[in-house]
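sequence and predicted model, in that order:
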Amino acid sequence: MKPFTEIYGSLLGTPCWNAKLGHGSFLTFEFGNPHLEIRETQESSEKVIENAQRRLVSILGEWRLWIYCCNWRIFQHEDLLAHSESDRGQMTRAVEKLDGQALKNIRLNPQNGSTIFEFDLGGMLRTAPYTSQLSENDEQWFLFDCSGYVLTLYANREFSYERANKSQERE
């Protein structure tokens, strides 16, 4: 497996865009040049075709960071703006503060499984595994890259780097 810094190194210095709050407390951040992802539903059943035939078009970056099943906190110049249990309005405003900031560093703490994403204009996103529901299969975050691979950090501090559409062994 490639060294961690080699996987994300070309991402550093790149501004994030379309930073947003998703379902629950999931967060997504796009980085790099935008491109269209087009997914089509292709079914053979006439009833399914009538109800589900559609095309989903998304604008994605060369890189996508998806904060998934973990505790997180967003800071701006060391001031806590929101965390994963804040109300949706507070979480949305905090994520908007990171939008447009360039990622300058990613630091992993192998002792406790936390990650710090540092941004150039004083923004910071800290993630940590859930403590009450620790499951080694919980994915804390995914970093999708432009080559079709995804770097995944799990709650048990293991990570994997594999094709985004294929499951492999963890490192």
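That came through, no problem.

residue ranges with poor pLDDT in the protein?
Along the chain, segments meeting pLDDT under 70 span 1-3, 41-53, 132-136, 166-171.

just want the most central residue of it.
The chain has residue 66 as the residue nearest its centroid, 1.5 Å off, counting by CA atoms, centre = their mean.

now the helices for the chain?
Secondary structure of the chain (DSSP state H): helices located at 4-8, 46-52, 88-98.

the residue nearest to the centre of the chain contacts residue 30, correct?
No - counting by CB atoms under 8 Å, residue 66 does not reach residue 30; the two are 10.2 Å apart. The C-beta positions use only the backbone N, C-alpha and C, and glycine is treated the same way.

what about stretch 149-159, how long is it end to end?
In stretch 149-159, first residue to last residue: 13 Å (CA to CA, to the nearest Å).

list the buried residues in that stretch.
By neighbour count with 16 or more other CB atoms under 10 Å, stretch 149-159 contains the buried residues 149-155, 157, 159.

nearest to residue 12 among those residues?
Ranked by distance to residue 12 (CB to CB), the buried residues of stretch 149-159 are led by residue 151 at 13.9 Å.

so who does the closest one touch?
Contact analysis of residue 151 by CB atoms under 8 Å, 6 or more residues apart in numbering lists 4, 7-8, 142-143, 145, 159-161.

nearest spatial neighbour of it, skipping sequence neighbours?
Excluding the flanking residues, the one nearest residue 151 by CB to CB, 6 or more residues apart in numbering is residue 143, at 4.3 Å.

count of neighbours near the one you found?
When counting by other CB atoms under 10 Å, one arrives at 22 neighbours for residue 143.
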